[in-house]
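**Q** The sequence isn't on hand, but the structure is:
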């Protein structure tokens, strides 16, 4: 009889934040031994991120919607992302969101571990899952929670401090919903599809996962990455970037580009599942986070994933003799995503025809 697989190695005993406070060097498990790491490098080209006025995307809201939809299609086919402005969330509220995130990571360890990730779970505070001894660990601490639908929230891993955290995050989930719906509709319209084509695949109870990232300053940014290169397993991802410190980079045609900070904009990028829905017209971009020797950085990413039981696949209208079906239909795409991600592989390759 085959022996059961050995349990995965335990996660690091210390958070990255503790490593910095202890003044230690970079542990071997965080260091890349090849050229895949890269610190913040101002010599890399700055990405010309398309800026989309999301308030003008729907035909009913603006006479110039057609022009904005053309920009959207071009942005998602070329870069796989855009900076969303005029999204309807006040700047003061985004300041609150930044503030409660910074306050959480500034709490004493004893408070943060109250919502720690269980060894076999994804949600909670701490490091990402370690699946093998060969896995290089990302230089970040994170809090990962489901924020919508409400009945799927695991409040035992939601911070109770700062006191306003739960209220602010709940309000953020409500404010994001109409933005997400409008983006799904606009993506479909930009491809001359019925506006609910992608939204129906997402479902009324599509899940929103929030990841609060804290990237402490790093003594050897040339050796480590804040996040290893990957594409998202979501349908779309909305990111609130640090207001001052750069660190996110996108890959295009073999070249890494720095993502500029646009105050109060939301960076929206395509995930693998919309690449599948669009039959490869929209690209799920590879991206990474680099570290900084002098400054800490935070970001808040919300991953929008279709209902688990929903079957996703290329829209029938996008399949013809000139453009054959490129992807299989699939359910619960994220099920194996995290394993592929930690191993540095792209799960979307498994569903390509």
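**A** Structure's in. What do you need? Predicted, not measured: the structure shown is a model, and the values here were computed from it.

**Q** Buried ones in the helix of greatest length in the chain, by neighbour count?
**A** If you go by DSSP state H, the chain has its longest helix at helix 165-190. By neighbour count on 16 or more other CB atoms under 10 Å, the buried set for helix 165-190 is 165-166, 168-169, 172-173, 175-176, 179-190. For every residue, glycine as well, the C-beta is placed using N, CA and C.

**Q** Could you do stretch 96-103 as well?
**A** Neighbour-count burial for stretch 96-103 [16+ other CB under 10 Å]: 96-98, 100-101.

**Q** same deal with stretch 204-223?
**A** 206-218, 221, 223.

**Q** which one among the residues you listed gets closest to residue 29?
**A** residue 223 (11.4 Å; CB to CB).

**Q** contacting residues for the closest residue to that closest one other than its chain neighbours?
**A** Nearest residue to residue 223, sequence neighbours excluded (CB to CB, 6 or more residues apart in numbering): residue 31, at 4.3 Å. Neighbouring residues of residue 31 by CB atoms under 8 Å, 6 or more residues apart in numbering: 37, 136, 220, 223-224.

**Q** Do a quick rundown of the helices in the stretch 251-353 of the chain.
**A** 272-277, 337-342 (DSSP state H, counting those that start in this stretch).

**Q** weakest of those by average pLDDT?
**A** The minimum mean pLDDT among those belongs to helix 337-342 (a mean of 68).

**Q** Now flag whichever of the contacts of residue 31 is closest to residue 112.
**A** residue 224 (21.5 Å).

**Q** Next, count neighbours for residue 139.
**A** 27 (other CB atoms under 10 Å).

**Q** quick one: which helix or strand includes residue 224?
**A** Assigned by DSSP states H and E, residue 224 belongs to no helix or strand.

**Q** residues in contact with the nearest residue to it once chain neighbours are set aside?
**A** With CB to CB, 6+ apart as the criterion, residue 224 has its nearest non-adjacent residue at 4.4 Å, and that residue is residue 139. For residue 139, the contact set (CB under 8 Å, 6+ apart) comprises 16, 30, 215-216, 218, 224-226, 291.

**Q** 10 Å instead?
**A** By CB atoms under 10 Å, 6 or more residues apart in numbering, residue 139 lies in contact with 16, 19-20, 26, 30-31, 37, 215-218, 220-221, 223-228, 289-291.

**Q** hang on, the earlier thing: among the buried residues of stretch 96-103, which ones are in helices?
**A** Judged by DSSP H, the buried residues of stretch 96-103 include 96-98, 100-101 as members of helices.

**Q** Throw those into TSV and include pLDDT and distance to residue 282, thanks.
**A** TSV is the format used below for these (pLDDT from 0 to 100; distance: CB to CB, whole Å):
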residue	pLDDT	distance to residue 282
96	97	32
97	98	27
98	97	29
100	98	32
101	98	29
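
**Q** Specify which member of the residues you listed is nearest to residue 263.
**A** Nearest to residue 263 among those, with distances taken as CB to CB, is residue 98, at 11.0 Å.

**Q** That closest one touches residue 245, doesn't it?
**A** No - Residue 98 sits out of contact with residue 245 when judged by CB atoms under 10 Å, with a separation of 11.8 Å.

**Q** Any chance you could list residues touching both of the two?
**A** Common neighbours of residue 98 and residue 245 (criterion: CB under 10 Å, 6+ apart): 298-299.

**Q** So, low pLDDT: which residues of the stretch 1-150 of the chain?
**A** 1-14, 21-24, 34-40, 59-64, 131 (pLDDT under 70).

**Q** where along it do the helices fall?
**A** Under DSSP H, counting those that start in this stretch, the stretch 1-150 of the chain gives helices at 16-21, 65-78, 91-105, 109-112.

**Q** Check the offset of the third one from the chain's centre.
**A** With CA atoms, centre = their mean, to the nearest Å as the basis, the distance from the averaged C-alpha position of helix 91-105 to the chain average is 18 Å.

**Q** Show me which of the ones in helices among the buried residues of stretch 96-103 is closest to residue 238.
**A** Nearest to residue 238 among these is residue 97, at 11.8 Å by CB to CB.
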